[in-house]
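Q: Build me a structure from this.
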Amino acid sequence: MDRRLQLLERLSRLTTDQIEAAKRLDGPTLAELGLKRADLSFELRCAMSDPTDDSLKAQLLEAAHGLKRLEDRLANIAQAVTNALDVAIPSSTVVTYGRTGRI
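A: Numbering: from 1, shown residues only. Down below sits the predicted model:
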């Protein structure tokens, strides 16, 4: 199997795992998987400079579209969690330092 297809499949599995971690609000696992995904994404970007024959292009596009759908789903879940936290913990109740250094 082509190395790029393998990387896309691994990224898809990691993204699926990250979706499940987001559903469980498992921050440490999300962070760990995010680092792994970043490493694999970099490796894939480097591998994409390899020559590609026409028969493989369709497979790569299909795998990339599948990964994009998973990433969109992850982003939607992250946004939903953020929205829920904004409701549960309104920003007006958070005490922070202002520009002058006063609370």
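
Q: so where's the chain shaky on pLDDT?
A: Low-confidence segments of the chain (pLDDT under 70): 91-103.

Q: Flag every buried residue along the helix ranked longest in the chain.
A: The helix that spans the most residues within the chain, counting by DSSP state H, is helix 54-88. Under the neighbour-count criterion of 16 or more other CB atoms under 10 Å, helix 54-88 has Ala63, Ala64, Leu67, Leu70, Glu71, Leu74, Ile77 buried. Every residue, glycine included, has its C-beta placed from N, CA and C.

Q: Can you tell me which helices and strands that helix packs against?
A: Contact analysis of helix 54-88 by 3 or more CB pairs under 8 Å, 6 or more residues apart in numbering; DSSP states H and E lists helix 3-23 as its packing neighbours.

Q: hmm, try it at 10 Å
A: helix 3-23, helix 27-47 (3 or more CB pairs under 10 Å, 6 or more residues apart in numbering; DSSP states H and E).

Q: between those, which one is nearest to Asp53?
A: Checking the helices and strands packed on helix 54-88 against Asp53 by CB to CB gives helix 3-23 as the closest, at 12.0 Å.

Q: tell me how far that closest one is from the chain's mean position?
A: Its chain's C-alpha centre and that of helix 3-23 lie 9 Å apart, by CA atoms, centre = their mean, to the nearest Å.

Q: okay, it in CSV with CA atoms only?
A: Written as CSV, here are the backbone C-alpha positions of helix 3-23 (Å, rounded to 0.1, in the frame of the first residue of the first chain):
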residue,chain,number,x,y,z
ARG,A,3,2.7,5.4,2.2
ARG,A,4,0.4,8.3,1.7
LEU,A,5,-2.7,6.1,1.9
GLN,A,6,-1.3,4.5,5.0
LEU,A,7,-0.8,8.0,6.6
LEU,A,8,-4.3,9.1,5.6
GLU,A,9,-5.8,5.9,7.2
ARG,A,10,-3.7,6.5,10.4
LEU,A,11,-4.8,10.1,10.5
SER,A,12,-8.5,9.0,10.1
ARG,A,13,-8.2,6.5,13.0
LEU,A,14,-6.6,9.1,15.2
THR,A,15,-9.2,11.7,14.3
THR,A,16,-12.0,9.1,15.1
ASP,A,17,-10.3,8.4,18.4
GLN,A,18,-10.1,12.2,19.1
ILE,A,19,-13.8,12.5,18.3
GLU,A,20,-14.6,9.9,21.0
ALA,A,21,-12.3,11.6,23.5
ALA,A,22,-14.0,14.9,22.8
LYS,A,23,-17.4,13.3,23.5
